[in-house]
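Asks: predicted model, plus sequence, below.
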Amino acid sequence: MKLWFKYAGIVLRSQMQYKTSFILTAVGQFLVSFSVFIGIYFMFMRFNSVEGFKFSEVLICFSVLLTSFSVAECFFRGFDTFGGIISNGEFDRIMVRPRNEILQVLGSKIEFTRIGRFLQAIIVLAYAIPNSGIVWTADKIITLCLMIIGGTFLFAGLFIIYAGICFFTIEGLEFMNIFTDGGKEFGKYPLSIYGEGILKFFTFIIPLALIQYYPLLYLLGRTTNPLYMMLPLSGIIFLLPSYIFWRFGVRHYKSTGS
């Protein structure tokens, strides 16, 4: 961790060499997310609810997923851009260094400008919490925290899988954005509104519903099953198959010769 903090310090100092660019990029991230929020707001001006979910309840989904995605994209961005590391031969250099390759990839790219998107998520969450009508007991506060933590690890796992695929394709495959950026977009609303097929896919294949939809039901009092409270931990468990796939890719890696 000491080495990772050194990586983070180096990256932050390099980004702050161009302070105006850093600030404008962060503001841009904020405004892009804000435009999505405005879209949700205008839709609920026309419709009072979506599949029985009110505006403030949907905002909890939106803010939780946006918070998780922002944190994951900030600190796991190295895996999201791993295709470039493979194609230019940089991973060969990583492999011969006496440090874990995951640590080096993590430190290769940290997007501190994602703070703009993160602040947007926190502001929306701060609005949604008192207006949702939820009685915030200790178990529901813990559930909300687990949703954010589990979502962060879930998106991190997806980034790691994306990087693992690059060992075999050399370049990143854009279809993975269906599950990363697409998951963030789907997560604006409770996943049940997209139909049973989508809900099952994001329950048993990509466990996004275990992070977002089912814990939300517990928060809203639509179920009292305490199991729903613990489901977001599946996001942490999702890191295990992601890591196994990463190790499989490392063992089969052949230099690009760049």
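Replies: Happy to help now that I have it. Numbers count the residues shown, from 1 in each chain.

Asks: chain center to the helix or strand encompassing Arg13, what's the gap?
Replies: If you go by DSSP states H and E, Arg13 is part of helix 2-15. In terms of Cα atoms, centre = their mean, to the nearest Å, the centre of helix 2-15 is found 21 Å from the chain centre.

Asks: for stretch 61-73, same thing?
Replies: How far stretch 61-73 lies from its chain's middle: 5 Å, per Cα atoms, centre = their mean.

Asks: contacting residues around that stretch?
Replies: 33, 36-37, 40, 80, 111, 114-115, 117-118, 120-122, 124-125, 128, 144, 147-156, 159, 180, 183-184, 187-190, 211-213, 216 (Cβ atoms under 8 Å, 6 or more residues apart in numbering). C-beta here means a position set from N, CA and C on the backbone, and glycine is covered the same way.

Asks: so which of the residues you listed are in helices?
Replies: Among the contacts of stretch 61-73, the members falling in helices (DSSP state H) are 33, 36-37, 40, 80, 115, 117-118, 120-122, 124-125, 128, 144, 147-156, 159, 183-184, 213, 216.

Asks: can you select the buried ones from these in PyMOL?
Replies: The PyMOL selection below is limited to those of these classed as buried (16 or more other Cβ atoms under 10 Å):
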select buried, resi 33+36+37+40+80+115+117+118+120+121+124+125+128+144+147+148+149+150+151+152+153+154+155+156+159+183+184+213+216
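
Asks: hmm, back to that, and the helix holding Arg13, what other elements does it pack with?
Replies: helix 101-108 (3 or more Cβ pairs under 8 Å, 6 or more residues apart in numbering; DSSP states H and E).

Asks: so where's the stretch 51-200 of the chain shaky on pLDDT?
Replies: 172 (pLDDT under 70).

Asks: still on that earlier bit, could you give the angle of the helix holding Arg13 to helix 101-108?
Replies: Going by axes from the mean of the first three to the mean of the last three Cα atoms, to 10 degrees, helix 2-15 is angled at 20 degrees with respect to helix 101-108.

Asks: which of the residues in helix 2-15 are buried?
Replies: With the criterion 16+ other Cβ under 10 Å, helix 2-15 contains buried residues Tyr7, Val11, Gln15.

Asks: how far away is the first one from Phe22?
Replies: Applying Cβ to Cβ, to the nearest Å, one obtains 18 Å for the distance of Tyr7 from Phe22.

Asks: and for the last one?
Replies: Distance, Gln15 to Phe22, using Cβ to Cβ: 5 Å.

Asks: can you pull the residues that touch both of those two?
Replies: Phe112, Thr113.

Asks: give me the most central residue, this protein.
Replies: Phe69 (2.6 Å; Cα atoms, centre = their mean).

Asks: which stretch of helix or strand covers that one?
Replies: helix 55-75.

Asks: I'd like the buried residues of helix 2-15 as TSV, with distance to Ile198 appended.
Replies: Formatted as TSV, these follow (distance: Cβ to Cβ, whole Å):
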residue	distance to Ile198
Tyr7	38
Val11	37
Gln15	37
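
Asks: in terms of distance to Leu231, which of those residues ranks first?
Replies: Tyr7 (33.0 Å; Cβ to Cβ).

Asks: which residue is the nearest non-sequential neighbour of the closest one?
Replies: In space, and not counting its chain neighbours, Tyr7 is closest to Gly107: 2.8 Å by Cβ to Cβ, 6 or more residues apart in numbering.

Asks: mind checking how far that neighbour is from Arg77?
Replies: Taking Cβ to Cβ as the measure, Gly107 falls 11 Å from Arg77.

Asks: same question for Phe168.
Replies: Phe168 sits at a distance of 21 Å from Arg77 (criterion: Cβ to Cβ).

Asks: more neighbours: these two, which one.
Replies: Taking other Cβ atoms under 10 Å, Phe168 and Arg77 do not tie; Arg77 has more neighbours (20 against 13).

Asks: quick one on the thing from earlier: and the helix holding Arg13 with helix 55-75, angle?
Replies: 100 degrees.
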